[in-house]
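Asks: below: sequence and its predicted model.
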Amino acid sequence: MENQNESKKVMVSGIQPSGDLHLGSYLGAMKNWVALSDEYQCYYCIVDEHSITVRQNPAELRRRSVLQLAQYIACGLDPQKNTLFIQSHVHEHAELGWILNCYTMFGELSRMTQFKDKSAKNAENINGGLFTYPTLMAADILLYGAHFVPVGADQKQHVELTRDIAIRFNNIYGDTFVVPEPYIPKVGARIMCLSNPTSKMSKSDPAGCVFIMDSPDEIARKFKRAITDSDTERCIRYAPEEKPGVANLMNIYSSVTGKTYEEIEAEFEGKGYGAFKPAVGDAVIEALRPIREETERLLADKAYLKDIYTEGATRAQYTARRTLRKVAKRIGFVEKPF
Ligand code: TYM
């Protein structure tokens with residue numbers, strides 16, 4: 001098992017437990033992860049250290065971290081095949097994050113779109129962690145020698161910065177890090193808000209955001225209210241510029257059913273938004289139902305979840321420690337006596 005894994009390429013990704021998981025995180029990232037489990041050696045992390053760049057309620061952060069682990073498993077990530085762990089349990093992330101800070105330029109960090117967005121939204125708390133967030137993310141990725149990083153489109157810039165940092169470090173000290181590539185799905189990479197299809201779906205607009213744990217009634221209601229378009233045409237046609245609302249719903253429908261845009265257009269030919277919106281809602285309800293039910297079942301067994309994150313942290317740390325030792329040696333730290 002171990003030898004077989006050694007020869008596989010490595011995937012690393014993570015999600016912040018700063019809000020309940022939603023359809024964007026599921027279709028943009030997790031659904032893709034499940035499909036990759038057999039082919040790659042995968043590390044999937046609950047990035048709680050990233051979450052505290054924005055102020056969190058401690059009890060809620062703890063609850064959501066364990067909930068998120070249950071959701072990873074409920075989505076189909078087998079904990080035997082995938083290393084599932086909580087970031088703060090593997091202190092090598094923070095250590096390498098610090099080191100990488102010293103190989104990352106102020107200008108590079110200043111250009112990050114997520115930093116600009118989050119600083120605008122949290123003007124009263126633009127802390128150092130928010131600024132250096134991408135170097136911690138680079139550490140998450142580089143510690144495990146990731147070849148690919150399966151993420152939604154909004155994280156591409158961070159993965160590109162990770163590449164630049166890895167290349168810079170390798171140029172100074174010789175081959176140390178694997179240079180990773182973003183792995184972005186063809187559909188589902190950017191799910192938009194149902195009530196404002198020009199901004200991405202996120203927890204900050206709950207009316208336009210479908211959460212994995214929403215009840216079928218809530219999901220149906222959110223899709224019925226989804227903004228389509230004010231054009232008079234009212235037909236189902238994929239035209240993201242002219243009809244962003246319809247394009248978003250088609251993207252969602254395509255991601256959950258596997259149907260192409262042509263097939264969707266044919267299916268709804270002659271039918272209006274009144275038929276299309278509930279059909280998308282029903283497809284999402286059916287896609288999320290087994291995940292929600294399995295999550296609820298798993299949450300009832302806290303001891304099992306603890307075993308999984310303990311085992312995951314042990315496995316992750318084995319690899320992380322090896323990388324950090326190599327890095328420490330390269331940069332001139334005295335070898336750790338323990
Ligand atoms: P986060 O927690 O914001 O989002 C988790 C994942 O979900 C994707 N995503 C979306 N995809 C499509 N449409 C949306 N509306 C949508 N919203 C979120 C994100 O692209 C992401 O893949 N910095 C990362 C977390 C992170 C990470 C890492 C990722 C920390 N360390 C190491 C990969 C590798 C973040 O904030 O994602």
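Replies: Cool, the structure landed.
Asks: quick one, domains of the protein?
Replies: 10-189+302-331, 206-296 (automatic domain parsing).
Asks: can you count the residues close to the residue in the stretch 151-300 of the chain that the ligand sits nearest to?
Replies: Using Cβ to the nearest ligand atom, Gly152 is the residue of the stretch 151-300 of the chain that sits closest to the ligand, at 2.4 Å. Backbone N, C-alpha and C define where each C-beta goes, glycine included. By the criterion of other Cβ atoms under 10 Å, Gly152 has 22 neighbours.
Asks: following the one helix or strand in the chain whose mean pLDDT sits lowest, which helix or strand shows up next?
Replies: One helix or strand of the chain scores below all others by mean pLDDT, DSSP states H and E: helix 2-6, with a mean of 54. Using DSSP states H and E, the next helix or strand after helix 2-6 towards the C-terminus is strand 10-15.
Asks: can that next one be found next to the ligand?
Replies: Yes: for strand 10-15, a contact with the ligand is found by Cβ under 6 Å from any ligand atom, at 12-15.
Asks: what do you get for stretch 61-76?
Replies: No: against the ligand, stretch 61-76 shows no contacts by Cβ under 6 Å from any ligand atom, the least distance being 9.7 Å.
Asks: for stretch 318-335, same thing?
Replies: No: Stretch 318-335 does not reach the ligand (Cβ under 6 Å from any ligand atom); its nearest approach is 13.0 Å.
Asks: which residues sit against that stretch?
Replies: 43, 90, 92-93, 95-96, 99, 142-145, 173-174, 176, 336 (Cβ atoms under 8 Å, 6 or more residues apart in numbering).
Asks: quick one: contacts for Met137?
Replies: 14, 47, 50, 158, 162.
Asks: residue numbers of the chain in contact with the ligand?
Replies: 12-16, 24-25, 28-29, 47, 50, 137, 140-141, 149, 151-152, 154-155, 158, 189-191, 200-201.
Asks: residue ranges with poor pLDDT in the stretch 201-338 of the chain?
Replies: Scanning the stretch 201-338 of the chain for pLDDT under 70 picks out 231-232.
Asks: go with 90
Replies: 203-205, 228-235, 270, 272, 337-338 (pLDDT under 90).
Asks: where do the helices sit along it?
Replies: 216-224, 244-257, 261-267, 273-299, 302-331 (DSSP state H, counting those that start in this stretch).
Asks: need the winner for burial among these.
Replies: helix 244-257 (a mean of 23; mean count of other Cβ atoms under 10 Å).
Asks: what is the orientation angle of that helix with helix 216-224?
Replies: Between helix 244-257 and helix 216-224, the angle comes out at 140 degrees (axes from the mean of the first three to the mean of the last three Cα atoms, to 10 degrees).
Asks: what about dumping the CA coordinates of helix 244-257 to PDB?
Replies: The C-alpha trace of helix 244-257 is given here as PDB (Å, rounded to 0.1, in the frame of the first residue of the first chain):
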ATOM      1  CA  PRO A 244     -25.300  35.400 -16.300                       C
ATOM      2  CA  GLY A 245     -28.100  34.100 -14.100                       C
ATOM      3  CA  VAL A 246     -29.200  31.500 -16.600                       C
ATOM      4  CA  ALA A 247     -25.500  30.600 -17.400                       C
ATOM      5  CA  ASN A 248     -24.900  30.100 -13.600                       C
ATOM      6  CA  LEU A 249     -27.900  27.800 -13.300                       C
ATOM      7  CA  MET A 250     -26.800  25.900 -16.400                       C
ATOM      8  CA  ASN A 251     -23.300  25.500 -14.900                       C
ATOM      9  CA  ILE A 252     -24.800  24.100 -11.700                       C
ATOM     10  CA  TYR A 253     -27.200  21.800 -13.500                       C
ATOM     11  CA  SER A 254     -24.400  20.600 -15.800                       C
ATOM     12  CA  SER A 255     -22.100  19.900 -12.800                       C
ATOM     13  CA  VAL A 256     -24.600  17.900 -10.800                       C
ATOM     14  CA  THR A 257     -26.100  15.900 -13.800                       C
END
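Asks: chain center to it: distance?
Replies: Distance of helix 244-257 from its chain centroid, counting by Cα atoms, centre = their mean, to the nearest Å, is 19 Å.
Asks: please apply the same query to stretch 67-85.
Replies: On Cα atoms, centre = their mean, the centre of stretch 67-85 falls 13 Å from that of its chain.
Asks: circling back to that earlier point, taking the contacts of Met137, please make a PyMOL selection of just the buried ones.
Replies: Typed into PyMOL, the line below selects the buried ones among these, using 16 or more other Cβ atoms under 10 Å:
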select buried, resi 14+47+50+158+162
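Asks: now the closest residue to the ligand within the chain: closest residue in space, sequence neighbours ignored.
Replies: Taking Cβ to the nearest ligand atom, the ligand has its nearest neighbour within the chain at Gly28, 2.0 Å off. Ranked by Cβ to Cβ, 6 or more residues apart in numbering and with sequence neighbours excluded, the top spatial neighbour of Gly28 is Gly152, at 2.9 Å.
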